[in-house]
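In: got a sequence here, can you build the structure:
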Amino acid sequence: MTPPKLLEGLSRVAGDYDAVLCDVWGVVHNGREAFAGAVEALQQFRRTRGPVVLITNAPVPMERVTRLFPKLGVAMDCFDDVVTSGDATRNELKRVAPGPVYRIGLGEDMSVYAGIDLQFSEDPTVAKVICCTSLREYPNGQPEPYREELRRLVAHGLPMICANPDVQFRQGDRLIWSAGALAAIYEQEGGKVVRPGKPDEPIYRLAIERVAAIAGRSVAPSRMLGIGDGPATDMVGAMRQGIDALFIGGGIHGHSMGEGDAFLESAAKVMAVDGAAAKYAMPELRW
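Out: Numbers count the residues shown, from 1 in each chain. Prediction:
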């Protein structure tokens with residue numbers, strides 16, 4: 001695959017695009033504080049070019065995502081809308097209602113089910129589908145202890161809806177295991193997984209619809225720029241949709257990135273592991 005081009009600032013290519021689809025965690029903030037340069041870059045793109053839609057694998061409705069922004073220092077004028085994996089998951093859950101649903105995740109993830117006519121069961125002989133929003137232990141949960149439970153669920157033929165396809169995410173200087181790690185084990189054991197979030201189509205369909213509504217017209221994927229730090233999610237998702245991608249190296253893979261001339265080489269290697277590529281790369285998003 002062609003290695004990415006080093007981008008000094010978003011302003012250098014902003015004129016080539018009419019909309020941005022931007023990841024949140026690892027690009028806009030790290031779970032503790034906002035990245036001021038990224039916030040400014042998105043503000044400037046909105047002022048000079050067009051809509052910015054944040055697209056995140058958070059397994060919750062958008063209100064849960066934006067509620068944290070003021071505390072983290074994310075300015076509310078750096079985006080036009082937010083599309084979450086939780087939103088896309090809700091669409092999938094409506095299709096399988098009333099279930100019953102076998103839940104795996106934190107109690108605080110219950111908002112993803114709110115207002116949907118669902119039943120729940122911890123009995124795999126009764127449940128019709130699994131919904132995995134996160135590990136049950138935050139922030140110290142490990143995926144491997146779930147293998148036996150997941151193996152039993154596979155034996156009952158239950159499909160899994162994975163509300164957050166991210167395998168890990170960075171919080172401050174820590175890497176936290178996420179629902180995508182359990183989905184990977186489920187597939188290893190022979191189970192079927194549906195991923196409404198990145199890199200799959202449902203979340204992009206919602207995001208592209210939101211861009212059109214904000215712009216008042218359809219915007220071709222070739223006129224959109226996808227920004228993110230996840231090769232297997234953000235980069236692969238953009239590639240599948242025909243959207244140019246900008247890889248941010250300082251996010252989840254920041255510990256693997258080289259400096260100076262070595263940055264692009266390390267970025268290409270990290271993306272190659274997941275069969276991903278990007279047109280551009282930057283250590284961190286800035287205007």
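
In: give me the neighbour count for residue 3.
Out: Using other CB atoms under 10 Å, residue 3 has 15 neighbouring residues. Glycine gets a C-beta too; all of them are placed from N, C-alpha and C.

In: just confirm it contacts residue 269, I think it does.
Out: No: counting by CB atoms under 8 Å, residue 3 does not reach residue 269; the two are 9.6 Å apart.

In: contact partners for the closest residue to residue 105 other than its chain neighbours?
Out: Counting by CB to CB, 6 or more residues apart in numbering, residue 105 lies nearest to residue 133, which is 3.4 Å off, once chain neighbours are set aside. Contacts for residue 133 (CB atoms under 8 Å, 6 or more residues apart in numbering) come out as 59-60, 86, 89, 103-106, 109, 112, 163-164, 179.

In: list only buried entries from the residues you listed.
Out: Buried residues within these, defined by neighbour count using 16 or more other CB atoms under 10 Å: 59-60, 86, 89, 103-105, 109, 112, 163-164, 179.

In: want to throw those into JSON lines with pLDDT and secondary structure?
Out: Listed next are the buried ones among the contacts of residue 133 as JSON lines, based on pLDDT from 0 to 100; DSSP: H, G, I helix; E, B strand; the rest coil:
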{"residue": "59", "pLDDT": "92", "secondary structure": "coil"}
{"residue": "60", "pLDDT": "90", "secondary structure": "coil"}
{"residue": "86", "pLDDT": "94", "secondary structure": "helix"}
{"residue": "89", "pLDDT": "94", "secondary structure": "helix"}
{"residue": "103", "pLDDT": "98", "secondary structure": "strand"}
{"residue": "104", "pLDDT": "98", "secondary structure": "strand"}
{"residue": "105", "pLDDT": "97", "secondary structure": "coil"}
{"residue": "109", "pLDDT": "91", "secondary structure": "helix"}
{"residue": "112", "pLDDT": "93", "secondary structure": "helix"}
{"residue": "163", "pLDDT": "94", "secondary structure": "coil"}
{"residue": "164", "pLDDT": "93", "secondary structure": "coil"}
{"residue": "179", "pLDDT": "96", "secondary structure": "helix"}
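
In: and of the residues you listed, the nearest to residue 27?
Out: residue 164 (16.1 Å; CB to CB).
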